[in-house]
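using only what follows, build the 3D model:
(chains A and B)
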Amino acid sequence: MAIIERPTPVLDIPALPAAPPAITPSRTFGALKRPVASTGWKSWLFTVDHKKIGLMYGATALFFFIVGGLEAVLIRLQLAAPEGKVLNADLYNQMFTMHATTMVFLFVMPMAAGFANYFIPLQIGARDVAFPRINAFGFWCFLGGGIVINLAWFLGGAADGGWFMYAPNSGPVFSPSNGIDFWALGLQIAGIASLTGAINLIVTVLNMRAPGMSLMKMPVFTWLVTVVQFLLLFAIPVITVALFLLTFQRSFGAQFFDVAAGADPLLWQHLFWIFGHPEVYVLILPSFGIVSEVLPVFSRKPLFGYPFVVFSGAAIGFVGWGVWAHHMFASGLGPVSVAVFSVATMAIAVPTGVKIINWTLTMWGGKLVFSTAMKFAVGLILLFTIGGLSGVTHSVAPSDTQQTDTYYIVAHFHYVLFGGSVFGLFAGFYYWWPKMFGKLLNERLGSLNFWFMVIGMNLTFGPMHILGLQGQPRRMYQWTEARAGEGFFNIAFWNLVASIGSLVLAVGILFFLINIVVTARSKVRAPLDPWNARSLEWMTSNPPKEHNFDSIPKVDHLDEFFHRKYEEDPVTHTMREVATAEQVLAELERNADPHIHMPSPSYWPLVLAVGLPVVALGVIYSTMVAIVGGFIMLYAIYGWALEPATAVASDFDTPSTNGHAVSTTHG
Amino acid sequence: MKVRRLTSRYLGPRALAASGSLLLLASCATNAPQDTWQPKGPNAKMIDDLQQPVFAVAGIIGMIVAAAVGFAIWRYKDRGQPIPEQTHGRPALEVSLTVIPALILAVVGVFTFRVIFDLARTDDTQLVINVTGQQWWWEYDYPVQNEWGITQPIISSGQLVLPIGTKVLLRETSRDVIHSYWIPALNGKRDAVPGRVHTLRLQADAPGIYAGQCTEFCGLSHANMRMEAVALSDADFAKWVANQQAAYRAPAEGTLAKEGESVFLNQCVRCHQVSGLKRADGSLAIAAPDENVWSGAAPNLTKLMTRNTFAGAMFNLLRDACRDDVWRAESAAFGQKYLSGVDESCLNVNDLRAWLRNAPEVKPMYANPALLADTNGKYRGMPNLGLSESDIDKLVAYLLTLK
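Numbering: from 1, shown residues only, chains lettered A, B, ... in the order given. Sure thing, here's the model as predicted:
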């Protein structure tokens, strides 16, 4: 961790204190000094650097991806044959609940948050996010929430009500273990990460873009992630309320969903899906953003219809609020509500379809380079289209009453979530790995990774279309041969195929993990601009220096980096190279800012975040523990508030260069 | 597989991109009892007629997208061509490509509207059946409807019996958590929610048994909460109604079944009602499931052996061969075979004995006496009653008389 604070006034960021801070570290208690470690574990624990936080999000999410994946494999092993005996009913219910919870809240969301953290400041030419300490606090909340949710495995059983946790089945009578308590409190804590992250990124994007970068010159990834942050900003409070009601019902005897007390269990369903449907777009839009970066780079063409992609993304962000009840077509809402939500759901297919069209036309007439990242991006177009179209078949509410809660729905959302969100994230891994780690992931292993995943995913989730249309409901710990049918479409055969497919898929993921290890051990460094990229995050070293850019670039174009490298031939309209990436970067360094202010690390985000799981455990087991947790938080809030703005002068490190040759001219 | 089905259902699914071929084949399945694409009544038919064109159009669009992407991959692969012109899009093309799907969906929307409201009609009902879900079985309660010969309420479980060609309205609710009633061949699903009554239209064209399954996750034995709808001709339905209302016939003195009756009176009647059953002192035996079971209900066993299933339709009362004989009977012969019920030669005695011996072992339930603290001493599901083998012999003999 390099502290690039300088004692001289910082002219270009007048809002920050330039003079010696009012409370100097020497005059405060020891605990109120700011940490300064630039290497070792402390540099990670106390960091406020958006890149380190992004990597920690990514690493943690990857861990949970493996956990959730193993849960999925167990589910498929159980269902491979009739009357499966791998898991009992209780364990199976925990397994599918935790598989969904883990994949949604502890893998896809935080992985997207990791990419957003790492790349949004880089894409908009900023040196960090607006609130670096809150950023760190968010990560620790996510980690704490993930731990609390999974702690239940070891303390009497995990949550067993399904990730949708419908009342009254989630009540204490019907789920007597503590699993749902851990689940509700853990999600509550993880929700703080999403909410604070949303505010942080919105402020960052609105206020900290490089000069010249109007909103309509902003990279699409940043745009769509910004839409996601607005969705989170309004959706998380809804689930927060719902989870509080649930916790109060379970832990303190409240009766929010208790029919005997005059309540209506559908209240939970509405609250959950008012959060849950925007959540679907929270999961998919970041991947849409990644693909919208990857496709132009490897097609050597700008994104086709950039404004359409941006506005359709924003449209999804609005219409996404009006479709929640399509999860409840069988719940008994009455024909008027069902009709309205049915049509609204059809409407949202339009802006989603726009994106498919734009990606296809981006490739049209291009110069397509099939790197692994590009393969995943193209894979997303095709797989998401399948998922999107099956989605249209159940926007037709009467048709949905035949399909909902069957494997057809499982097939649908795995095509959009796995074929969509996860493939997008994998495109991001391969595309941005050299930026994050300075090394290219192995393309041969990448190819194996891709093909095993594509084949495995289609083998696993393709047959589920059949299973669902043949009437196999979801969430059954066993299926019986008596209802399997005969002939080519018998449920027995396709369940077995799906289970084999899940193993193929697991092998595909294993290739990715091997690739990470192989790449980490490799000594070959990535070139500065390995993909001939287009956007600002590539106008810096690999990995970027702590302060991202030596001088903040002035932006004239969408795809600024590309236009610094290429000019259009006035006759043929093809592009010719006018500068190499190294030359572009050298130009930036020649004009390096003399004074760069970077935020100092801090202890308090971590301390504050530690208090939350303690409170959660206290709610479940003993009020005294909750009070202790409360005091930890109070202490951390005071520490946070009183923390000096900078570290002591003698603590300043020399500027880090992160080893890239071109960074020696640093001012 | 009829030819007409082939032509009308071939087009769409084939087109559904990568999984299209799988979907296509799904439409041809034989004998999948819960196949959602084989409607056997007008309500399910209405849904099917609506969804088939949607599947077809979706399939065609999927094929177009796949073809376009495939073509782009093949045609524009990097073969050393120069970096192309940096075109940013063509608004006219994009607007038209946005409007076309919107128009298609608008048309789909109009038809969807119609079907939604048609399926919600209740004003043309000819027969009402109350359906109540609880962990993990369904209760069927036929309120008094003199035009059907139902002069006293019939309470049954395990199989929903209805007359063919009749607009039946289910009035659904639940006694504990949310369940969902679904007979795919007759209609889509509708949740049974505690504290609410939801309606679902059912109508079967031909006599037969139509399989279903609870589709709202409802706890441990969600997977074992099945249903079967039995459609009978009007005449057969009338016979069924008459038999359900027939007076209780106590087993003859000195038979094994008579001993079974006293075992039943000692144990089972705490939860299970058998209408007309009297105690030794001549008083009516009234079950009190509300004192022992969380949902407050246990299956009424009055005419148990007229049903083909027990324990929430998880197990068959008929041995496989006898059951196949009923399930696969010709329409004309079906009613008579069904109404003959279960006799000793056809009784699936193994599953029934296992159930009586230790119910929670064969069906996951919350029936562990050690965990009753959470539920005020009430079970969810049938506990292990600790019956001796000879008690079980007697009970089986007695249950066989409940026809």
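
now do the same contact list for residue 148.
Going with chain A. A:182, A:185-186, A:189, A:613, A:616-617 (CB atoms under 8 Å, 6 or more residues apart in numbering or on different chains). The C-beta positions use only the backbone N, C-alpha and C, and glycine is treated the same way.

my bad, the chain I had in mind was chain B
Per CB under 8 Å, 6+ apart, neighbours of residue B:148: B:127, B:142, B:163, B:237-238, B:241.

I would like a PyMOL command selecting only the buried ones among the residues you listed, please.
Burial among the contacts of residue B:148 is assessed by 16 or more other CB atoms under 10 Å in any protein chain shown; the matching PyMOL selection reads:
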select buried, chain B and resi 127+142+163+237+241
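
now, the contacts of residue B:148 that are in strands?
Those of the contacts of residue B:148 mapping onto strands are B:127, B:142, B:163, per DSSP state E.

do I have it right that the last one meets residue B:231?
Right, the one you point to is residue B:163. Yes: the pair residue B:163 / residue B:231 is scored as a contact, 7.3 Å apart, by CB atoms under 8 Å.

quick check: residue A:58 touching residue A:116?
No: the pair residue A:58 and residue A:116 does not pass the contact test of CB under 8 Å, sitting 10.7 Å apart.

the more surrounded of these two?
The residue with more neighbours, out of residue A:58 and residue A:116, is residue A:116; 31 against 23, by other CB atoms under 10 Å in any protein chain shown.

show the subsequent helix or strand relative to the host helix or strand of that one.
Here residue A:116 sits within helix A:109-123, counting by DSSP states H and E. Counting by DSSP H and E, the next helix or strand C-terminal to helix A:109-123 is helix A:132-151.

enumerate the residues of the stretch 301-403 of chain B near chain A.
By the rule CB under 8 Å from any CB of the partner chain, the part of the stretch 301-403 of chain B lying against chain A is B:316, B:364, B:366, B:371, B:374-375, B:380.

how about a cut-off of 10 Å?
B:314, B:316, B:320, B:323, B:327, B:363-366, B:371, B:373-376, B:378, B:380 (CB under 10 Å from any CB of the partner chain).

residue B:229 belongs to a strand?
Yes: under DSSP: H, G, I helix; E, B strand; the rest coil, residue B:229 falls within a strand.

quick one: it and residue A:406, what's the gap?
18 Å (CB to CB, to the nearest Å).

next one: residue A:379
26 Å.

between these two, which is the more surrounded one?
Remark: of residue A:379 and residue A:406, residue A:406 carries more neighbours, 26 against 22, as counted by other CB under 10 Å.

chain neighbours aside, what residue packs nearest to that one?
residue A:468 (3.8 Å; CB to CB, 6 or more residues apart in numbering or on different chains).

tell me which residue lies nearest the centroid of chain A.
residue A:112 (2.2 Å; CA atoms, centre = their mean).

how much space between it and residue A:135?
15 Å.

same check on residue A:498?
Relative to residue A:135, and taking CB to CB, residue A:498 is found at 40 Å.

same question, residue A:267
Counting by CB to CB - residue A:267 and residue A:135 are separated by 34 Å.

pick out whichever of the two has more residues nearby.
residue A:135 (30 against 14).

quick one: the helices in the stretch 501-650 of chain A?
In the stretch 501-650 of chain A, the helices defined using DSSP state H, counting those that start in this stretch lie at A:560-565, A:581-590, A:604-621, A:623-642.

following the lengthiest helix in chain B, which helix or strand shows up next?
For chain B, the longest helix by residue count, based on DSSP state H, is helix B:42-76. The C-terminal neighbour of helix B:42-76 among helices and strands, as given by DSSP H and E, is helix B:91-119.

what comes up buried for that next one?
B:94, B:97-98, B:101, B:104-105, B:108-109, B:112-113, B:115-116, B:119.

and the residue in the stretch 1-150 of chain B positioned nearest to chain A, what pLDDT?
As assessed by CB to the nearest CB, chain A sits closest to residue B:34 within the stretch 1-150 of chain B, at 2.4 Å. Looking at residue B:34, its pLDDT reads 93.

pLDDT at the residue lying closest to it once chain neighbours are set aside, what is it?
Counting by CB to CB, 6+ apart, residue B:34 lies nearest to residue A:471, which is 2.4 Å off, once chain neighbours are set aside. Looking at residue A:471, its pLDDT reads 95.

in which helix or strand does residue A:471 reside?
Going by DSSP H and E, residue A:471 is not part of any helix or strand.

now do the contacts for the residue nearest to residue B:214 when sequence neighbours are not counted.
Sequence neighbours aside, residue B:225 is the residue nearest to residue B:214 in space, at 3.8 Å (criterion: CB to CB, 6+ apart). The contact partners of residue B:225, by CB atoms under 10 Å, 6 or more residues apart in numbering or on different chains, come to A:473, A:476, B:133-138, B:179-180, B:212-216, B:218-219, B:311-314, B:363.

got the domain boundaries for chain B?
B:3-76+B:88-119, B:127-244, B:256-399 (automatic domain parsing).

quick check: which of those domains is buried the most?
Greatest average neighbour count among those goes to domain B:127-244 (a mean of 22), per mean count of other CB atoms under 10 Å in any protein chain shown.

could you verify my assumption that residue A:473 touches residue A:405?
Yes: Residue A:473 is in contact with residue A:405 according to CB atoms under 10 Å; the separation is 5.6 Å.

need the overlap of contacts for the two.
Contacts common to residue A:473 and residue A:405, judged by CB under 10 Å, 6+ apart, are B:180, B:182, B:189, B:213-217.

wait, which of the residues you listed is closest to residue B:197?
residue B:180 (14.5 Å; CB to CB).

can you list residues touching both of residue B:163 and residue B:231?
With CB under 10 Å, 6+ apart, residue B:163 and residue B:231 have common neighbours B:203-204, B:207, B:237.

distance-wise, check the residue of the stretch 1-150 of chain B closest to chain A relative to residue B:212.
7 Å.

now do the shared contacts for those two.
With CB under 10 Å, 6+ apart as the test, residue B:34 and residue B:212 both reach A:471, A:473, A:483, B:182-185, B:226.

how about the residues you listed, which pair is most distant?
The widest separation within the shared contacts of residue B:34 and residue B:212 (CB to CB) is 14.9 Å, between A:473 and B:185.

need the pLDDT of residue A:576.
pLDDT at residue A:576 comes out at 90.

please name the residues that touch it.
A:565-569, B:82-83.

one more time with 7 Å, if that's ok
Residue A:576 sits next to A:566-567, A:569 when contact means CB atoms under 7 Å, 6 or more residues apart in numbering or on different chains.

same thing with residue A:107?
Here residue A:107 is in contact with A:61, A:64-65, A:68 (CB under 7 Å, 6+ apart).

list the buried residues of stretch A:609-622.
So for stretch A:609-622, counting by 16+ other CB under 10 Å, buried means A:609, A:611-620.

same check, this time on stretch A:302-310
Applying 16+ other CB under 10 Å to stretch A:302-310 flags A:302-306, A:308-310 as buried.

likewise for stretch A:479-486?
Going by 16+ other CB under 10 Å, stretch A:479-486 has these buried residues: A:479, A:483-485.

nothing else from me, thank you.
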